[in-house]
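Engineer: Pasting the sequence and the predicted coordinates here, then a few questions.
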Amino acid sequence: MPEQNVVPIDQILPNKMPLVALTGRPIFPGIFTPIMIGNPPDVKVVDDAVAGDGIIGLVMLQNETDAAALGDLCKVGTAAKIVKKINLPDGGVNIFISTLKRFRIKKALHDTNPIVAAVEYLDDEEDNTSEVKALTRALISEMKQISENNPLFSEEMRLNMINIDHPGKIADFIASILNIDKMEQQKILEILNVRKRMEQVLIFIKKEQELLRIQKKIQKEINEKIEKSQRDYFLKEELKAIKGELGMTTDAKSSEYQRFKEKLDVFKFEGEIKEAVEQELEKFSLMDPNSGEFIVTRNYLDVISSLPWLDPEPENLDLKKAQEILEADHYGLKDVKARIVEYLAVRKLRMDTKGSIVCLVGPPGVGKTSLGRSIARALGKQFFRFSVGGMRDEAEIKGHRRTYIGAMPGKIIQGLKIVKAKDPVFMIDEIDKMGQSYQGDPASALLEVLDPEQNSSFRDHYLDLPYDISHIFFIVTANTLDTIPGPLIDRMEIIELPGYIDTEKLEIAKRYLLPKSLEKNGLKKAQVKYTQESFLHIANGYAREAGVRNFEKNLDKIHRKLAKVIVETDEKNESPKDEPELKFNIDKKVIEAHLGKPIFPEGEIKKADRPGMSVGLAWTSMGGDTLVIEAVSIPGKEGITLTGKMGDTMKESAAIALTVARKLALERYGLGEEWFEKHHIHLHIPEGATPKDGPSAGITMATALLSLMRDKPVKTRLAMTGELSLTGQVLPIGGLKEKTIAAQRNKARHIIIPKQNERDLDEIPAHVKKGIEFHPVERFDEVLSLALPD
């Protein structure tokens, strides 16, 4: 058979051909693939090629543009033979091509559509070394690994890759199917050296493998999460089914819904409350447990279901037992106890469970808080205490509005939730120390709480439902009424607790403070013995204030030192159990050894023992106190200097006192005008750092000035209080009980008081008045006859 001559493909291909611009990726030689062409000029090129030899050039656009020119195309493309053409309804064509060979554009024959160029065909630079063979195996091996892990690679692709025998064509085929940038593919198309082309393709295969590895890892993690979620879901569904068979609640949300419903059904709500509760329950049942609103609604239902809504049972008060409890818990305070017992008697007589509002006013340490606890014990009720000292936000009283996560009810509703009783005893401490801010006025918020006419339908901002708090027995405490708003005072029954005198402190120390302090410091009652004189020495020398708080602190200080002595002695002895217990007799000497020298020495009684001095009585939030008024005259210009941190009212009283004293000195005592012209008066009240104000020192200042002008001392152990008018009248004052206690502590034996305050003497206990003679006066002349007798 004669041998046939094979004509090379580049001799069949034309040297000039029409070009079709590719907007996507470049197409490599040796591939059979469909292409969709929609651009009308390109469609015409295809039609002309089909009518002729069927050869077109495929070249990638460097930059996409609507009207491509030769300058927009890459320099290297691929010649292709159109195998089949299918016309599309939209005017485009779908052609099947067989790519033949690379070419480079030499010269433009027609620069715009249709683009026609003269081309030269490019041959692979063969390199039949063992390195190329190794690269061929590596490409096929690596690509096989990628194709196995990537479902996008069909079986046909895998077979084509294995059946290709030319290294250059293998590199072209792999480059055409790798997911790499089109410009990177164009660079591979332009590489003629087979070995270099294969190396470049191998690099891209390695990158693809790394991406596949990361993708696989991510897919695995996602699958594990999905599998866990599915497993948890199926297990939960199984658990629900099991619980359903056993008649148990199916999930936490259903369990809570059932719990809330059972609790709320007991209360048998009506009207507005019933409607609101049912709406909240329905909303709760439809909510997703993972939503933020779910927690808000759950907390709201928890508050409602935890509150005591049922009316309290009728009280069974035992008046005798109540009196015994009050007597056992507190010494003295007979008037206070009597008023509390009267309250209880009225409650029993009326069979009324409605609450009352009592305000206990007195200095610190007189037992206001402990008295509140005793009232709760006497009534047999739950006790809840909270302080409003320094409070600036009304939401602390009336709650926060339920518009954000973290909102809470006010202290009143919180307290009811804690005590779980509708008629407890509530103590509101330090009501005189509330503040105001841009967040509201807590004192105004308390007006509704402490009003018996309004608090039967108290509406907390958080709860936003009417709640009856009229059964609560409110006890309010304060050190002074001066800073409490008037409307708030009107809503309360005021009970004043005066301070204690030294004999009362002695009894309180023996009955309550000593046993408490011994137990606190680990001492036995038999180990420490106090005499009556030692208690009085602590009261007069170290704790002269109205209350007994400092008294207790001083006892604690002594007992701590005794505890130290006992421990040190035990550590020195090898067998402390065999040693007899140490015992201590506490006398004045031991007290001073442990507490130091007295803060108030025995001789330090405020007295007026020289001309220009007088002793006055003052009321403070800490109780009563004594003030010494001092006046001196010095040669100089006429006038008066006031010192001692006096307030405006006290300065006005000093001006009135000077006028009255000057008039009397000129008219009655024959002092000439020249005395005033040549003398400058200085009036001072010691303890200059302590603010002082009020009109009740009027007669005291006038007496001190007349004592100075007459150069005559005031009568000893005499104290006085009263406001002075410009015409010499003595006007009434307040706080007589506290002032009397202060005078008793100062060993005064005579007290001058305004005539109109004579009615207040009945309220002062007999043991406080013991040893004191009261002198009611109407005019300043009577004061002079007692303080500066002729």
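Structural biologist: Sure, I can see it.
Engineer: and residue 344, how many neighbours?
Structural biologist: Close neighbours of residue 344, defined as other CB atoms under 10 Å, add up to 20. All C-beta spots, glycine's among them, are computed from the backbone N, C-alpha and C.
Engineer: and what of the one 5 residues further on?
Structural biologist: By other CB under 10 Å, the residues close to residue 349 number 9.
Engineer: where's it, which helix or strand?
Structural biologist: helix 334-350 (DSSP states H and E).
Engineer: Enumerate every residue touching residue 784.
Structural biologist: Residue 784 sits next to 664, 703, 706 when contact means CB atoms under 8 Å, 6 or more residues apart in numbering.
Engineer: Now the first one. Nearest residue, chain neighbours left out?
Structural biologist: Pointing back at residue 664 there. Using CB to CB, 6 or more residues apart in numbering and skipping the chain neighbours, the partner closest in space to residue 664 is residue 706 (6.4 Å).
Engineer: Who are the contact partners of that neighbour?
Structural biologist: The contact partners of residue 706, by CB under 8 Å, 6+ apart, come to 661, 664, 665, 669, 784, 788.
Engineer: Reformat those residues into CSV and put distance to residue 381, secondary structure and pLDDT next to each item.
Structural biologist: Below are the contacts of residue 706 laid out as CSV (distance: CB to CB, whole Å; DSSP: H, G, I helix; E, B strand; the rest coil; pLDDT from 0 to 100):
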residue, distance to residue 381, secondary structure, pLDDT
661, 58, helix, 91
664, 60, helix, 90
665, 63, helix, 89
669, 65, coil, 84
784, 56, helix, 91
788, 57, coil, 88
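Engineer: Quick one, which of those residues are buried?
Structural biologist: By neighbour count, with 16 or more other CB atoms under 10 Å, the contacts of residue 706 hold 661, 664, 665, 784, 788 as buried.
Engineer: buried set for the helix holding residue 349?
Structural biologist: Buried-residue list, helix 334-350, by 16+ other CB under 10 Å: 335, 336, 337, 340, 341, 343, 344, 347.
Engineer: Ok, stretch 19-37 next?
Structural biologist: The neighbour-count check on stretch 19-37 (16+ other CB under 10 Å) flags 19-22, 25-31, 35, 37 as buried.
Engineer: Looking at those residues, which is nearest residue 511?
Structural biologist: Proximity of the buried residues of stretch 19-37 to residue 511 (CB to CB) peaks at residue 25, which lies at 103.1 Å.
Engineer: So what does the closest one look like in phi/psi?
Structural biologist: With angles defined as degrees, to the nearest 10, residue 25 sits at phi -80, psi 160.
Engineer: Give me the nearest residue to it, chain neighbours excluded.
Structural biologist: Nearest to residue 25 is residue 182, by CB to CB, 6+ apart, at 4.5 Å.
Engineer: give the contact list for the one you found.
Structural biologist: Residue 182 neighbours (CB under 8 Å, 6+ apart): 24, 25, 26, 60.
Engineer: OK, contacts around the second one?
Structural biologist: Contacts of residue 25 were listed using CB under 8 Å, 6+ apart, and they are 60, 176, 182, 185.
Engineer: Show me what secondary structure element comes after whichever strand or helix holds the second one.
Structural biologist: Going back to what we said before, that points to residue 176. Using DSSP H and E, residue 176 falls within helix 167-177. Going down the chain from helix 167-177, the next helix or strand is helix 182-190, by DSSP H and E.
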